[in-house]
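Student: Next comes the sequence, and after it the predicted model I'd like to discuss.
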Amino acid sequence: MEYILEFLQSGVAPAALLIIRAIVPLLAGYVVWRSYTSFKRGQRRRDPVVMLLDEGSGARFPVLYWENSIGRSRSCDICLPVGSVSRDHAVFMRREEGWMVCDTGSKGGVLVNGKKISGPTLVRIGDAMTFGSVTLSLYNTSQIPERKRRAFQTLLREAASPFRLMMTATLVHLLIAFQAGVTAEEGKLGFQPELLLPELGVLAVGWGLYAYSIGYLHRVSFEIETVGYLLSGIGINLLAAFDLGTARTQLIAMILGVGIFCFLIWFMNDLDRVAKYRLAIGIGALCLFVVNLLLGTTQFGSKNWIRIGPVSVQPSEFIKIAFVFVGTSTLDRLQTKKNITEFLVFTGACIGFLFLMRDLGTALIFFATFLIIAFMRSGSVRTIVLILAAAALGVFLILTFMPYVADRFGAWRHVWEDPYDSGIQQTRTLTYMASGGLFGIGLGRGCLKYIFAADSDLVFGLLCEEQGVLLGLLVILSIALFILYARSDVTRSRSTFFSIGACAAAGMLLFQTCLNVFGVTDILPLTGVTLPFISAGGSSMASVWGLMAFLKASDERTYAVRRAGAHGAKTSGAQEFAKRTLPKPPQGA
């Protein structure tokens, strides 16, 4: 402690702190970018594991995905351009039991070895499946050379070391935490070690998750968790310099969020369990909305909080997780009218409840997520255009018959006309952000902290003022890259459920980020939503980690890859299936 005080009272301390603030975005940028490139390099090659063979024509159809649509439509994974085959005839999918085929409401039905099926049916190597007038036999692929398996393992070796990335992220946290502990009183620099306590908690949670995932479960990927750990630490350390009590609350919420993250990954491992509880999750979410309306308290114009003694909870944050659950579905159930109708009704109910609660920012997030899910389910641009047209009409009616809603956005694009009243938040945010420059003025030294909601709605401005615009932009980039994480896994996930869930969760996080950042900078109206990982709000922190579970679950390595031992080879579930002794296609086929 004495050495730290001597250093702070020396003439080189200000320059050293500036260097630290310049190093932080560089190290954080390395963690974010290396996590993404490592994620890309660790993905499975798109090599077929099994194939379908039309023995009549000799045509081969390699099976590349865990779920494959079969039909006459060109959009199907296995296209059979024959008039007797329906546009969306069936789904051929991989489950724990093996490969299964399921009729999706076709006119002629599906036959397995000459017998018509009525539900998902297990198909073994050599079995024949009939779709209309086309019969396809299942065979093991005849070409999975050893060099490809070595190439896949090489990609894993080229991926970044999870331990090194975690160490680098931890160094970023320690550099920021050290700044949080530095105080300035009467022109002299001092040090408050108690401000480092939240960071110690972050380290315990992050490395505990690492030990559980890498050490206990023997997973080979940890990129998504590393980015979440990095962003959570940045937010908690920022809040520690703002208010120590708020940072402690945020740390408790992070612990809860990591628990939800681990539970959801376990829960989603069994798709049958997901399908069984999907309706119950949706009903539970609607009941939570009802409880919020009956027992909730109004705060800042919105009735979106439930207070139980000293604890306050925002139910809509947790309902975001349920919304993604209800919206997703496996490919064999995706086209059913009952499934689609349930989701439309659930979406309308959620947005209706949020409107009654006057939580318009969250309602916009739900609607944007609905558009993502609707497009991924239907693939129809025309459907999305019709939905947007109906939404525009609804907004027009709301603004016409409920003018108090329009009053909330009266200052938008006019904040500089009244900088001391309606525009005080945005004008101060823009001014103090500019004063922070590239590397900020130091934690706890900003002026924005004296403006209302600096730690929640305006936290992006606080981050840029005290740590610099570079780190602020890096936080946005980190969340934006989640979209690319999800997009990379669309065709490699074990199920359409994981693909849609990952894209919906990533889209929800990015849209929420845009509402927060563009709101405080007056590009969009100020809606009062939080900045994921950074803003004060325990419900938001826990919910964000819950949404991260969808991204983690979509990574095929999460469930399929295990380490055989300290010196054993790494293999995937698909490769283990391919290595079994199975019949080969007939010669000349």
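Tutor: Noted; the coordinates are in hand. Numbers count the residues shown, from 1 in each chain.

Student: helix or strand for the closest residue to L531 other than its chain neighbours, which one?
Tutor: The shortest distance from L531 to any residue other than its chain neighbours is 4.3 Å, reached at N516 (C-beta to C-beta, 6 or more residues apart in numbering). From N, CA and C alone the C-beta is placed, and that goes for glycine too. Secondary structure from DSSP states H and E places N516 in helix 496-520.

Student: elements contacting that helix?
Tutor: Where contact means 3 or more C-beta pairs under 8 Å, 6 or more residues apart in numbering; DSSP states H and E, helix 496-520 is packed against helix 315-327, helix 360-378, helix 424-436, helix 459-467, helix 469-488, helix 538-554.

Student: Indicate which one of those helices is closest to G181.
Tutor: Closest approach to G181 among the helices and strands packed on helix 496-520 is made by helix 459-467 (13.8 Å; C-beta to C-beta).

Student: What is that closest one packed up against?
Tutor: helix 13-41, helix 223-242, helix 424-436, helix 469-488, helix 496-520.

Student: Pick the most buried one from the ones you listed.
Tutor: With neighbours defined as mean count of other C-beta atoms under 10 Å, the helices and strands packed on helix 459-467 peak in mean count at helix 223-242, which reaches a mean of 26.

Student: Can you identify the element that follows that helix toward the C-terminus?
Tutor: Next element after helix 223-242 (DSSP H and E): helix 244-267.

Student: for the next helix or strand after that following helix, what is the average pLDDT?
Tutor: Note on helix 244-267: by DSSP H and E, the next helix or strand toward the C-terminus is helix 271-295. Computed over helix 271-295, the mean pLDDT rounds to 91.

Student: between helix 271-295 and helix 538-554, how many degrees?
Tutor: Helix 271-295 and helix 538-554 are oriented at 170 degrees to each other (axes from the mean of the first three to the mean of the last three C-alpha atoms, to 10 degrees).

Student: For helix 271-295, which residues meet the burial criterion?
Tutor: Within helix 271-295, the residues scored as buried using 16 or more other C-beta atoms under 10 Å are L271, V274, R278, I281, G282, A285, L286, L288, F289, N292.

Student: give me the low-pLDDT residue ranges for the stretch 1-150 of the chain?
Tutor: Filtered on pLDDT under 70, the stretch 1-150 of the chain yields the residue ranges 1-3, 5-9, 11, 43-47, 142-150.

Student: show me the contacts for the residue lying closest to M376 once chain neighbours are set aside.
Tutor: Excluding its sequence neighbours, the residue lying closest to M376 (C-beta to C-beta, 6+ apart) is I500, at 4.9 Å. Taking C-beta atoms under 8 Å, 6 or more residues apart in numbering, we find I500 in contact with G327, T328, S329, I373, M376, R377.

Student: Look up how far A411 lies from the residue nearest to T427 when sequence neighbours are not counted.
Tutor: Spatial nearest neighbour of T427, chain neighbours left out: P419 (4.2 Å); criterion: C-beta to C-beta, 6+ apart. Distance of P419 to A411, computed by C-beta to C-beta, to the nearest Å: 10 Å.

Student: got it, and I387?
Tutor: Remark: distance between I387 and A411 (C-beta to C-beta) = 29 Å.

Student: again, but for L354
Tutor: 22 Å.

Student: Of those two, which one has the most company?
Tutor: More crowded of L354 and A411, by other C-beta atoms under 10 Å: L354, with 24 against 21.

Student: who are the neighbours of the strand or helix carrying that one, in terms of helices and strands?
Tutor: Secondary structure assigned from DSSP H and E places L354 in helix 337-356. If you count contacts as 3+ C-beta pairs under 8 Å, 6+ apart, helix 337-356 packs onto helix 271-295, helix 315-327, helix 360-378.

Student: now the second one and helix 271-295, what's the angle there?
Tutor: Just to be clear, that refers to helix 315-327. 150 degrees.

Student: and helix 315-327, what other elements does it pack with?
Tutor: Applying 3+ C-beta pairs under 8 Å, 6+ apart, one finds that helix 315-327 contacts helix 271-295, strand 302-308, helix 337-356, helix 360-378, helix 496-520, helix 538-554.

Student: Name the SS class of L52, please.
Tutor: L52 falls in the strand class when you classify it by DSSP: H, G, I helix; E, B strand; the rest coil.

Student: so how far is S106 from it?
Tutor: Distance from L52 to S106, by C-beta to C-beta: 16 Å.

Student: now do S539
Tutor: As judged by C-beta to C-beta, S539 and S106 stand 45 Å apart.

Student: Show me which of the two is the more surrounded one.
Tutor: More neighbours surround S539 than the other of S539 and S106, with 22 against 19 (other C-beta under 10 Å).

Student: Let me know whether the more buried one touches I252 as I believe.
Tutor: No - if you go by C-beta atoms under 8 Å, S539 and I252 don't touch, sitting 11.5 Å apart.

Student: which residues does the residue nearest to L471 when sequence neighbours are not counted contact?
Tutor: The shortest distance from L471 to any non-neighbouring residue, by C-beta to C-beta, 6+ apart, is to P25 (4.5 Å). Shown in contact with P25 (C-beta under 8 Å, 6+ apart): F439, Q467, G468, L470, L471, L474.

Student: neighbours around the third one, how many?
Tutor: Applying other C-beta under 10 Å, we find 23 residues neighbouring G468.

Student: which ones are touching it?
Tutor: Going by C-beta under 8 Å, 6+ apart, G468 touches R21, P25, G436, G437, L438, F439, G440.

Student: So the third one versus L551, what's the distance?
Tutor: Summarising the geometry, the distance separating G436 from L551, computed by C-beta to C-beta, is 31 Å.

Student: same thing with the last one?
Tutor: Using C-beta to C-beta, one gets 29 Å for the distance from G440 to L551.

Student: Next: the second one.
Tutor: Look at P25 and L551: by C-beta to C-beta, they are 23 Å apart.
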